[in-house]
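Asker: sequence and computational prediction follow.
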Amino acid sequence: MSEEEREDERHPVFRHGSRHARFDHPRHRDLMELRERLAGRGNVVMTRLNDDNLAKIDALVEVEVFKSRSEAAAFFIKEGMQARGDIFEKVMQTVEEIKQLKEKARSTLSKTALSNPT
């Protein structure tokens, strides 16, 4: 047994099989922080995954890195979006322009319909 494992035996632990880990270990502080960052997820998104990706997510749930598949998926979606923030900055600008153009079209059509009743 390693020194870290012996030290883990003396502290509050969560267990998975024969693996022990201290709550105050940096890895677990990171996991606790991750769970806090994922709190407040109120939107539901259904997705389909291939067998390989699902197996990887299930493995992380199995070793209690995440509480659920949903939590794992939310984490990886967030990480992917942060990693490709440049794309989202461009897309969000375009989306805003589209919204403004749609509003302008609605306004124009409303004025035209009101001034030319059939």
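Answerer: Nice, thanks for sending it over.
Asker: so which strand or helix has the most centrally placed residue in the chain?
Answerer: Centroid-nearest residue in the chain, with CA atoms, centre = their mean: residue 74, separated by 2.5 Å. Taking DSSP states H and E as the criterion, residue 74 maps to helix 69-83.
Asker: circling back: tell me how far the residue nearest to the centre of the chain lies from residue 91.
Answerer: Here residue 74 is placed at a distance of 20 Å from residue 91 (CB to CB, to the nearest Å). Every residue, glycine included, has its C-beta placed from N, CA and C.
Asker: give me the angle between the helix or strand residue 103 falls within and helix 69-83.
Answerer: According to DSSP H and E, residue 103 maps onto helix 85-115. Orientation check (axes from the mean of the first three to the mean of the last three CA atoms, to 10 degrees): helix 85-115 against helix 69-83 gives 90 degrees.
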